[in-house]
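Asks: Could you look at this predicted model? Sequence included:
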Amino acid sequence: MKKILATLSLALLATQAHADWTRIDYPSDQFATYIDRDSLKKTGVGIFQMWHLHDYKSAQDLSGQAYLSVKGQEEYECDKGAHRHMLSFYHTDAMGNNKMVQAVYRPGPWVVPEAGSVGEALVRIACAR
């Protein structure tokens, strides 16, 4: 039984590790943003979840630990044009590679993103019909 659970756990991790990241067209001097289109799923009436990745050009600091990329899952409420953070994984290398510095699971409040922000771009992509 332990072997089966270990095998299933490894398979799940391998699946998550091989996301097909697509860069989105959002101009920034600090980071590039990617989405995993295959991760887009409906979770309620007009509500979707999708994974994204921010790949920073220089090291960022999180409580004294350096990271270069953040994989995040957000939820999008399309009727209101809002989103909220669900979970984030901070990694030492680009594109979510190498050691994870920290994992944060903290569903946040619904927020309508500022016009022209990367948040607005992600809402638009997740809610495109």
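Replies: Done, it's in.
Asks: Nearest residue to the middle of the chain?
Replies: The structure's the chain has its C-alpha centroid closest to G72; by C-alpha atoms, centre = their mean the separation is 2.3 Å.
Asks: Could I get the buried residue list for the one helix or strand that residue maps to?
Replies: If you go by DSSP states H and E, G72 is part of strand 65-77. Residues of strand 65-77 classed as buried: 67-77 (neighbour count, 16 or more other C-beta atoms under 10 Å). No exception for glycine: its C-beta is placed from N, CA and C like everyone else's.
Asks: State the paired neighbours of it in the sheet, together with their directions.
Replies: Here strand 65-77 is paired, per DSSP bridges, with strand 47-62 (antiparallel), strand 82-91 (antiparallel).
Asks: Of those, which is nearest A128?
Replies: strand 47-62 (10.0 Å; C-beta to C-beta).
Asks: buried sites along stretch 101-112?
Replies: V101.
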